[in-house]
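In: Everything below, folded, please.
(one chain, ligands or ions: 1)
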Amino acid sequence: MPIDFHAKRNARTYVGREAHSSWTTAMTALVNPEGLDVVDVGCGGGIYSQQWARLGASSVVALDWSESILESARDAVGDDPRISFRIGTADATGLPDASCDLVFARALVHHLDDLAGFMREAARILRTGGWLIVQDRTMEDVAEPGSRTNPRGYFFEVHPQLLRVEQGRRPETQVVLGAMTGAGFNATDVFSLHET
Ligand SMILES: C[S@@+](CC[C@H](N)C(=O)[O-])C[C@H]1O[C@@H](n2cnc3c(N)ncnc32)[C@H](O)[C@@H]1O
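Out: Next up, the predicted model:
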């Protein structure tokens, strides 16, 4: 059964940790966050919204469709004038056209019914020359064997039927790239990040 993002009992699912330094290294190799207006779509507990602000973004919109999750993000992030919180969906953010430099979406796309709708919305709110960064676990990642650094792998060894569930909801990289190019993005690049 998929997680109910709107249930109060799940509000704090995505708080309580920090972005790993491997994430920061990978992101800053892609873009210089200094002075950027960032939108973090499906921000969860705001871990990465906060990190974009720490890295020098001018503003970060932490956007999520769940009132309760957004509330937990507000609590966790505290008062930072650069970070604002907004209810919206991936395909209808309510943000103005050409209003940001970077759209970031971590662990979001495998939850979306309308991937193309999200890509179109990202293209709409981005300024010319802006970036869309989509970070998600692929099926290849999910199928990695269990180890000290990948305890989830043991879970799938014990319950192999869950791999089929994952297969059903995780779009292949080529599908994500196709949706991006369909929305007008170019210079699409793919790389692996084994974020701890
Ligand atoms: C797995 S969590 C990831 C949270 C955060 N990005 C992170 O990496 O820690 C997915 C988040 O996306 C949000 N979400 C799912 N579908 C969404 C949609 N269609 N529009 C906006 N937010 C959505 C959920 O409420 C949840 O907070």
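In: switch to C-alpha atoms for all contacts and neighbour counts from now on
Out: Will do.
In: How far does the lowest-mean-pLDDT helix or strand in the chain sit from its chain's centre?
Out: Sorting the helices and strands of the chain by mean pLDDT, DSSP states H and E puts helix 139-142 at the bottom, at a mean of 88. Averaging C-alpha positions (C-alpha atoms, centre = their mean, to the nearest Å) puts helix 139-142 17 Å from its chain's average.
In: Tell me who's in contact with the spatially most central residue of the chain.
Out: Nearest to the mean C-alpha position of the chain, by C-alpha atoms, centre = their mean, lies Arg106 at 1.7 Å. Going by C-alpha atoms under 8 Å, 6 or more residues apart in numbering, Arg106 touches Val41, Gly42, Cys43, Val134, Gln135, Asp136.
In: possible to save the residues you listed as a markdown table with distance to Ile83, secondary structure and pLDDT?
Out: Putting the contacts of Arg106 into a markdown table (distance: C-alpha to C-alpha, whole Å; DSSP: H, G, I helix; E, B strand; the rest coil; pLDDT from 0 to 100) gives the following:
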| residue | distance to Ile83 | secondary structure | pLDDT |
| --- | --- | --- | --- |
| Val41 | 13 | strand | 98 |
| Gly42 | 14 | coil | 98 |
| Cys43 | 12 | coil | 98 |
| Val134 | 20 | strand | 97 |
| Gln135 | 21 | strand | 97 |
| Asp136 | 23 | coil | 96 |
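In: how close does Arg9 sit to Asp64?
Out: 16 Å (C-alpha to C-alpha, to the nearest Å).
In: more neighbours, these two?
Out: A side-by-side neighbour count of Arg9 and Asp64, using other C-alpha atoms under 10 Å, places Asp64 first with 26 against 11.
In: Test my guess that the more buried one contacts Asp91.
Out: No: applying C-alpha atoms under 8 Å, one finds Asp64 not in contact with Asp91, separated by 11.2 Å.
In: so how far is the ligand from Gln50?
Out: Distance, Gln50 to the ligand, using C-alpha to the nearest ligand atom, to the nearest Å: 11 Å.
In: how about the CA coordinates for stretch 158-176, as CSV?
Out: The C-alpha trace of stretch 158-176 is given here as CSV (Å, rounded to 0.1, in the frame of the first residue of the first chain):
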residue,chain,number,x,y,z
VAL,A,158,13.5,-11.6,1.9
HIS,A,159,10.4,-10.2,0.1
PRO,A,160,11.2,-10.4,-3.7
GLN,A,161,7.6,-9.7,-4.6
LEU,A,162,8.3,-6.1,-3.5
LEU,A,163,10.7,-5.7,-6.4
ARG,A,164,7.7,-6.0,-8.7
VAL,A,165,5.9,-3.2,-6.8
GLU,A,166,9.0,-1.1,-7.3
GLN,A,167,9.1,-2.0,-11.0
GLY,A,168,5.6,-0.8,-11.3
ARG,A,169,6.2,2.7,-9.9
ARG,A,170,9.7,3.6,-10.8
PRO,A,171,10.0,5.1,-14.3
GLU,A,172,13.1,4.1,-16.2
THR,A,173,15.7,6.7,-16.8
GLN,A,174,14.9,6.9,-20.5
VAL,A,175,11.3,7.6,-19.7
VAL,A,176,12.3,10.5,-17.4
